[in-house]
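Visitor: Quick one, structure for this:
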Amino acid sequence: MVWYILAIVGVAFVFDYINGFHDSANSIATIVGTRVLSPFTAVAWAASFNFLALFIFETNVAKTIGKGMIDIAIVNPDVILAGLIGAIVWNLITWWYGIPSSSSHALIGGYAGAAVTKAGFGAIIAAGWTKTLLFIVLSPMIGMAAGWSLMVASTWAFRKARRAAVEPLFRGMQIASSALFSLSHGANDAQKTMGIIVSLLVAGQAYFVNETGFLRHFYLPSGDTIPFWIKFGAHFAIAMGTLMGGWRIVHTLGSRVTKLKPIGGFCAETGGASAIFLATWLGIPVSTTHTISGAIVGVGATHRLSAVRWGVATRMIWAWVITIPAAAAVAGVSYWVIAAVQG
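Guide: Predicted coordinates:
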């Protein structure tokens, strides 16, 4: 059982890696779309700040995932494994078709689907889900409002400046805003995997309590403290995934929703980052995909509503709506299969 649990820890890091290349588009789509950085430079830049978030942020989101959404008393390794399978399968499907869905919601949907399959809806902790579900709606709206407001303010502030003078300034500022967004992405998304691993090790603590040597380091009596190796592994995995890129989704976010210039890219990234920093501070697992998409729409809408390709945006929204139930369904089936094989 010890090695089974450690194998699931490995699967969790695989999910984090997939999260990185699936969601790398969130960090780099605007800066690639505006041609401020080349794709390779952009992913290296984003990956660096994904990892640096390890040393800056508290683990409030990880604690919400670890013990605030699912009753830890019903969690066992099979639930965690099935939840991860549900999230990974849905992530790969949406990545293949270039749909910018939420890795975060795939993970919590998978986790919930496996837990409900095992123990019914009593496994759900309502308080933890209330703020998460609320921010499914609020995070893109906050991103949209922030992107729109920054774009209006920036345009007004530089209304008398020559375009030739303004564009180089915002190209430089967009490099900084891309770093901010990548930092927020690493902070919020890596912590979700940390929370899953903590749940797994707390649920399996009885198998590690008598272990010696290096296996002793995996013993975790509660979810109140997160060991450094979990933090490091989660941030490293998501950074490596970001380096692989998510070019299909980059195309959707970077050019198909609306055409962006450096000033718009700066406003979208800064607006999206500010919304995610707020959620991370509050300990709320939000979708970086939803947030940056909302910010991009907000920037596009400052020109005219027709500047936003609403057909593309609508298809993205439908992907968001079905992500949690789709990942939950895959996880539920996975749990049945795992339970049948186990016993």
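
Visitor: Break down the stretch 51-200 of the chain into its strands, ranges please.
Guide: Taking DSSP state E, counting those that start in this stretch, the stretch 51-200 of the chain contains no strands at all.

Visitor: Can you pull the poorly scored residue ranges out of it?
Guide: For the stretch 51-200 of the chain, the stretches flagged by pLDDT under 70 are 98, 100.

Visitor: Mind doing that once more with 80?
Guide: Along the stretch 51-200 of the chain, segments meeting pLDDT under 80 span 95-102, 136-137, 162-165.

Visitor: just the helices in it please.
Guide: Using DSSP state H, counting those that start in this stretch, the helices of the stretch 51-200 of the chain run over residues 60-67, 77-96, 103-119, 126-157, 163-203.

Visitor: and the last one, how far from the chain's centre?
Guide: When C-alpha coordinates are averaged (Cα atoms, centre = their mean, to the nearest Å), helix 163-203 and its chain have centres 10 Å apart.

Visitor: Ok, the third one next?
Guide: Computed by Cα atoms, centre = their mean, the separation of helix 103-119 from the middle of its chain amounts to 15 Å.

Visitor: Looking at the helices of the stretch 51-200 of the chain, spot the one closest to Ala326.
Guide: Among the helices of the stretch 51-200 of the chain, helix 77-96 comes nearest to Ala326, with 5.4 Å by Cβ to Cβ. In short, each C-beta sits where N, CA and C put it, glycine included.

Visitor: If you count neighbours, what's buried in that closest one?
Guide: Neighbour-count burial for helix 77-96 flags 77-91, 94-95 (criterion: 16 or more other Cβ atoms under 10 Å).

Visitor: Ok, stretch 271-288 next?
Guide: 271-280, 283-288.

Visitor: pLDDT (mean, whole number) over it?
Guide: For stretch 271-288, mean pLDDT is 89.

Visitor: List the residues that contact Val14.
Guide: Neighbouring residues of Val14 by Cβ atoms under 8 Å, 6 or more residues apart in numbering: Ile88, Ala237.

Visitor: That one: which element?
Guide: Element membership for Val14 (DSSP states H and E) is helix 2-33.

Visitor: And stretch 124-141, what's buried?
Guide: Neighbour count says stretch 124-141 has Ile124, Gly128, Lys131, Thr132, Phe135, Ile136, Leu138, Ser139, Pro140 buried, by 16+ other Cβ under 10 Å.

Visitor: export those to a markdown table and tack on distance to Ile18?
Guide: Below are the buried residues of stretch 124-141 laid out as a markdown table (distance: Cβ to Cβ, whole Å):
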| residue | distance to Ile18 |
| --- | --- |
| Ile124 | 25 |
| Gly128 | 24 |
| Lys131 | 26 |
| Thr132 | 21 |
| Phe135 | 22 |
| Ile136 | 21 |
| Leu138 | 26 |
| Ser139 | 21 |
| Pro140 | 22 |
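
Visitor: Would you check how far apart the spatially most central residue of the chain and Thr242 are?
Guide: The chain has Asp189 as the residue nearest its centroid, 3.9 Å off, counting by Cα atoms, centre = their mean. For Asp189, the distance to Thr242 (Cβ to Cβ, to the nearest Å) stands at 10 Å.

Visitor: Send me stretch 170-189 as CSV with only the CA atoms.
Guide: C-alpha atoms of stretch 170-189 as CSV (Å, rounded to 0.1, in the frame of the first residue of the first chain):
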residue,chain,number,x,y,z
PHE,A,170,4.0,49.0,-23.5
ARG,A,171,6.1,46.3,-25.0
GLY,A,172,8.4,46.6,-22.1
MET,A,173,5.5,46.9,-19.6
GLN,A,174,3.9,43.8,-21.1
ILE,A,175,7.0,41.7,-20.2
ALA,A,176,6.5,42.8,-16.6
SER,A,177,2.8,42.1,-16.7
SER,A,178,3.4,38.7,-18.2
ALA,A,179,5.7,37.9,-15.3
LEU,A,180,3.0,39.0,-12.8
PHE,A,181,0.4,36.8,-14.5
SER,A,182,2.8,33.8,-14.6
LEU,A,183,3.6,34.4,-10.9
SER,A,184,-0.1,34.3,-10.1
HIS,A,185,-0.7,31.2,-12.2
GLY,A,186,2.1,29.4,-10.4
ALA,A,187,0.8,30.5,-7.0
ASN,A,188,-2.8,29.4,-7.4
ASP,A,189,-2.5,26.4,-9.7
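
Visitor: for it, which positions count as buried?
Guide: 170-171, 173-175, 177-189.

Visitor: and what of stretch 228-244?
Guide: Neighbour counts over stretch 228-244 (16+ other Cβ under 10 Å) mark 230-231, 233-243 as buried.

Visitor: And it, how far out from the chain middle?
Guide: Averaging C-alpha positions (Cα atoms, centre = their mean) puts stretch 228-244 13 Å from its chain's average.
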